[in-house]
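K.L.:
After the sequence you'll find the predicted model.
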Amino acid sequence: MLLIRHNQAFWDTTVGQQILTLDLIYRKISDAQRTFIDSASQHGIELACPSGCGKCCHGFMPDVLPIEADYIAYYLLSNSKVFSAAEAPSLQIASSAENPSPCPFHDPDRPGENCRIYPARPLVCRLFGYSAIKDKNNRLSYRLCRYMPAPQGLDARILDQDTIISKVGALPPLMTDFAMEVLSLDPSQAAERKPLIEAIRPALARIGTTLQYCPEPNAA
């Protein structure tokens with residue numbers, strides 16, 4: 001989630017309002033996932049990623065809506081320790097033998113903290129591993145990540161809704177619900193989803209320009 005900075009003029013803009021609303025959605029996801037994980041723990045089931053894993057990033061480039069890219073751009077431009085604006089022209093697909101992720105924000109030299117934009121990561125990255133889909137009967141289905149150790153107390157890696165309730169005691173967040181909630185911020189963006197590497201440069205330009213016209217009160 002974001003460290004909210006800048007003056008009210010920025011947050012009064014359309015994009016500022018959308019970023020704030022998206023931040024609230026992301027907080028709801030985090031709360032729902034925490035409830036799910038804590039409930040599992042109370043039932044003797046420990047759901048956790050392997051220490052230092054990061055394999056969900058390997059070979060994967062997230063697709064994002066413009067508002068998701070704007071959220072990331074705001075995070076980057078507000079955190080000079082994470083990202084220098086001078087880096088923008090050099091952002092590129094980074095996949096190699098040493099770095100198996102094509103995402104420009106994946107850092108192979110930080111095991112367990114590979115994502116440079118983790119607090120601002122896109123929706124799909126937030127939901128992975130700790131969210132549910134609906135099965136053909138329109139009921140929730142939860143699948144453990146293939147890299148996640150099988151917890152004691154679970155006999156299967158794919159759980160139907162009844163099993164989730166009986167074994168875990170709480171349902172994970174539903175992926176499609178939050179995807180629709182994010183899209184509802186601006187339905188006109190539905191056809192504008194792009195790979196992050198393509199979406200981030202124009203987002204940096206948009207947010208950078210908006211911040212220029214909404215300076216801090218003491219920046220004169």
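P.N.:
Yep, it's here. Numbers count the residues shown, from 1 in each chain.
K.L.:
pLDDT score for residue 8?
P.N.:
For residue 8, the pLDDT comes out at 86.
K.L.:
Next: the one 10 residues further on.
P.N.:
In this prediction, residue 18 carries a pLDDT score of 96.
K.L.:
Residue 208 sits in which helix or strand?
P.N.:
Secondary structure from DSSP states H and E places residue 208 in helix 196-212.
K.L.:
in that helix, what's buried?
P.N.:
196, 197, 199, 200, 203, 204, 206, 207, 210, 211 (16 or more other C-beta atoms under 10 Å). (C-beta placed from N, C-alpha, C; glycine too.)
K.L.:
do the same with stretch 33-51
P.N.:
Within stretch 33-51, the residues that count as buried by 16+ other C-beta under 10 Å are 33, 36, 37, 39, 40, 45, 47, 49.
K.L.:
Taking those together, which two end up most distant?
P.N.:
Using C-beta to C-beta, the buried residues of stretch 33-51 span at most 17.7 Å, a distance reached by 39 and 49.
K.L.:
tell me the mean pLDDT for the helix holding residue 208?
P.N.:
91.
K.L.:
ditto for stretch 72-80
P.N.:
On average, stretch 72-80 scores 88.
K.L.:
Same question for stretch 142-154.
P.N.:
For stretch 142-154, mean pLDDT is 91.
K.L.:
Please give the centre-to-centre distance between it and its chain.
P.N.:
Relative to the centre of its chain, stretch 142-154 is centred 21 Å away, using C-alpha atoms, centre = their mean, to the nearest Å.
K.L.:
can you pull the buried residues of that stretch?
P.N.:
So, applying 16+ other C-beta under 10 Å, buried residues of stretch 142-154: 142, 144, 145, 148, 151, 154.
K.L.:
Distance across it, terminal residue to terminal residue?
P.N.:
12 Å (C-alpha to C-alpha, to the nearest Å).
K.L.:
Assign a three-state SS to residue 172, would you?
P.N.:
Three-state assignment for residue 172 (DSSP: H, G, I helix; E, B strand; the rest coil): coil.
K.L.:
wouldn't it be in contact with residue 36 here?
P.N.:
Yes - using C-beta atoms under 8 Å, residue 172 makes contact with residue 36 at a distance of 4.5 Å.
K.L.:
Need the residues touching each of these two.
P.N.:
residue 130 (C-beta atoms under 8 Å, 6 or more residues apart in numbering).
K.L.:
As a check, name the ranges of all strands in this structure.
P.N.:
Ranges of strands in the chain, per DSSP state E, are 63-64, 133-134, 140-143, 158-160, 194-195.
K.L.:
what about the last one, distance to the chain center?
P.N.:
When distances are taken as C-alpha atoms, centre = their mean, strand 194-195 is centred 14 Å away from the chain's centroid.
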